[in-house]
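In: coords please:
(one chain, ligands or ions: 1)
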Amino acid sequence: MSWIDEKADKWLPLIRQAREQQVYPLFRPYETGGIHSVLYGKPVVNFSSNDYLGLTTHPKVKEAAKLAVDRFACGLSSSRVQATTTAHVELEERLAKWFGFESCVLFTTGYQAMVGTIQSLSDRDTTLVLDNLSHACILDGAFLAAGVPTAAPEVRYFNHNSAKSLERCLKTRQRKNALVLMEGIYSLDGDRAPLPEFVEVCERYDAVLLCDDAHGTGTLGKNGTGLIEETGMQGKVPIVISTFSKTFGGIGGILLAKNDVVEYVKHNARSFMFSASLPVPIVAAASTILDMMESEGPALVQELHEKSAYMRKNLLQLGFDLGKSDTHIMPVMCRDRRKALFMHVALLESGVFMIPIIYPGCKEGEERLRLNVTRGHTKEDMDQALELLDTYGKVFYVQSGEDLGPMEENWS
Ligand SMILES: Cc1ncc(COP(=O)(O)O)c(C=O)c1O
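Out: Numbers count the residues shown, from 1 in each chain. You can find the predicted model right below:
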């Protein structure tokens, strides 16, 4: 047995055990796209999707992608350096205008946009200051930068969403340039960052603020342009990163900043320069969603908010704990690994999918079901989910918080 087999062998029993007990939640193979999908031949309503405005499967979006296949096929066989099209450039210009920035560049994923931006801006004169609940792309960007022996930045963490803690990090930093990394909405907890407080602290300590608004894009602000619009912070945040993998119905990373900063990152971000360019059918789909956001954005966002308010009110009335959430992302806190896993199986059997988040996806004791309300959910979908959550929640003591007690199987 080589060390790679040993490594796999040591780690895999957990997964095998979950599969044997039929509670393994990952990599379920959907048979169609969209919030209303098919799993194992049966209809299922997906409540863990990030298709926040339900536009991914809109006929116009699919039609635009099909037309682009005829003209540009599915790939351009190279990186943006030599595989840029007029479609990329036009969409970048439109996005910059819509988000209210001077310039924009499209990466192939949001993850790559973040990792490449952090790597390209970091050096020995930089301190990276991260929220301690940062998404993997922010952490990985910092780890990547810190791994460059001759140019490693200092890396510091502040307490989640705490301007005070951020201030302490900035005050005591050891390098002259600071890049502060935070998210508009945190995808596991559904809470939003206190952006005006962060802007104020960054201004006082001469730090550059980067907001990852992957989950705020399309969901916050009257027009859906995100947390900056919602908090009136236009012009105060130098860099925003977002994605096409949620509201924009596809895949792709968005970097927004001043012209020169975008130019600099384009020529220095290795995840941009050395990875294939975004396929044009995806650009066409995102561009069609942008048409919709420009023409009917406020109505679409309003509908999402109304549906979220309905779900939140009912979940709270039924006695569920939604943790720190104050957005359309509403974790149903189970605070027990077995409860989260059992609930997800019971719901799925009845045609509702909510992925369980367990350690190491969250801290032990903070296990939950991921429940995202989207504009694509109908009232019937939400009522069905509420009824099932209530029924199974009582069976597994989710609302009451009582202990499940010992089980026959070894669940420890
Ligand atoms: C906060 C946040 N940032 C970045 C990303 C990465 O985006 P993408 O899916 O485009 O790689 C995600 C996606 O999960 C995310 O939740």
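
In: Can you report how many residues lie near the residue in the stretch 1-150 of the chain that the ligand sits nearest to?
Out: Residue nearest to the ligand within the stretch 1-150 of the chain: Gly110 (2.6 Å; C-beta to the nearest ligand atom). For every residue, glycine as well, the C-beta is placed using N, CA and C. Using other C-beta atoms under 10 Å, Gly110 is surrounded by 24 other residues.

In: give me every residue that touches the nearest residue to it once chain neighbours are set aside.
Out: Nearest-residue entry for Gly110: Thr243, 3.2 Å, with adjacent residues in sequence omitted and distances by C-beta to C-beta, 6 or more residues apart in numbering. Residues near Thr243 by C-beta atoms under 8 Å, 6 or more residues apart in numbering: Thr109, Gly110, Ala113, Ala214, Thr217, Ile251, Gly252, Gly253, Ile254.

In: where in this protein is pLDDT low?
Out: Residue ranges of the chain with pLDDT under 70: 407-412.

In: Show me what from it comes close to the ligand.
Out: Counting by C-beta under 6 Å from any ligand atom, the chain comes close to the ligand at 109-111, 114, 135, 137, 183, 187, 212, 214-215, 243, 245, 253.

In: before we move on, the earlier item: now the buried members of the contacts of Thr243.
Out: In the contacts of Thr243, burial by neighbour count holds for Thr109, Gly110, Ala113, Ala214, Thr217, Ile251, Gly252, Gly253, Ile254, counting by 16 or more other C-beta atoms under 10 Å.

In: Run through the helices of the chain in chain order.
Out: Here the chain has its helices, by DSSP state H, at 3-11, 13-20, 59-72, 86-99, 110-121, 136-146, 163-171, 195-204, 227-231, 259-268, 270-273, 280-317, 337-349, 379-395.

In: quick one, domains of this protein?
Out: Taking automatic domain parsing as the reference, the chain has its domains at 20-56+296-395, 76-278.

In: winner for burial among the ones you listed?
Out: Stretch with highest mean neighbour count among the domains of the chain: domain 76-278 (a mean of 20; mean count of other C-beta atoms under 10 Å).

In: Start and end of it, how far apart?
Out: 8 Å (C-alpha to C-alpha, to the nearest Å).

In: what about that domain, distance to the chain center?
Out: Averaging C-alpha positions (C-alpha atoms, centre = their mean, to the nearest Å) puts domain 76-278 13 Å from its chain's average.

In: Using CSV, list the CA coordinates for stretch 385-400.
Out: Provided in CSV are the C-alpha atoms of stretch 385-400 (Å, rounded to 0.1, in the frame of the first residue of the first chain):
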residue,chain,number,x,y,z
ALA,A,385,-41.1,22.9,3.2
LEU,A,386,-42.6,24.6,6.3
GLU,A,387,-45.0,21.7,6.9
LEU,A,388,-42.3,19.1,6.5
LEU,A,389,-39.8,21.0,8.6
ASP,A,390,-42.4,21.3,11.4
THR,A,391,-43.3,17.6,11.3
TYR,A,392,-39.8,16.2,11.1
GLY,A,393,-38.4,18.9,13.3
LYS,A,394,-40.7,17.6,16.1
VAL,A,395,-39.7,14.0,15.4
PHE,A,396,-36.0,14.9,15.8
TYR,A,397,-36.5,17.6,18.5
VAL,A,398,-35.1,20.4,16.4
GLN,A,399,-37.4,23.2,17.6
SER,A,400,-37.3,22.1,21.2
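
In: So what's the gap between that stretch and the chain middle?
Out: On C-alpha atoms, centre = their mean, the centre of stretch 385-400 falls 27 Å from that of its chain.

In: and what of stretch 338-347?
Out: That offset, for stretch 338-347, works out to 23 Å (C-alpha atoms, centre = their mean).

In: from now on call the first residue 17
Out: Done: numbering now begins at 17, and the last item shifts to stretch 354-363.

In: returning to what we had before: how about a markdown table for the residues of the chain next to the ligand, with distance to Gly251 added?
Out: Listed next are these as a markdown table, based on distance: C-beta to C-beta, whole Å:
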| residue | distance to Gly251 |
| --- | --- |
| Thr125 | 27 |
| Gly126 | 23 |
| Tyr127 | 27 |
| Met130 | 22 |
| His151 | 25 |
| Cys153 | 25 |
| Glu199 | 20 |
| Ser203 | 26 |
| Asp228 | 19 |
| Ala230 | 21 |
| His231 | 22 |
| Thr259 | 22 |
| Ser261 | 27 |
| Gly269 | 22 |
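
In: Just those residues: which are in strands?
Out: Judged by DSSP state E, the residues of the chain next to the ligand include Glu199, Asp228, Thr259, Gly269 as members of strands.

In: Not counting stretch 277-288 itself, show me its contacts.
Out: Contacts of stretch 277-288 (C-beta under 8 Å, 6+ apart): 95-96, 118-121, 123, 128-129, 131-133, 135-137, 254-255, 271-273, 289.

In: contacting residues around Asp337?
Out: Per C-beta under 8 Å, 6+ apart, neighbours of Asp337: Val348, Met349, Arg351, Gly417.
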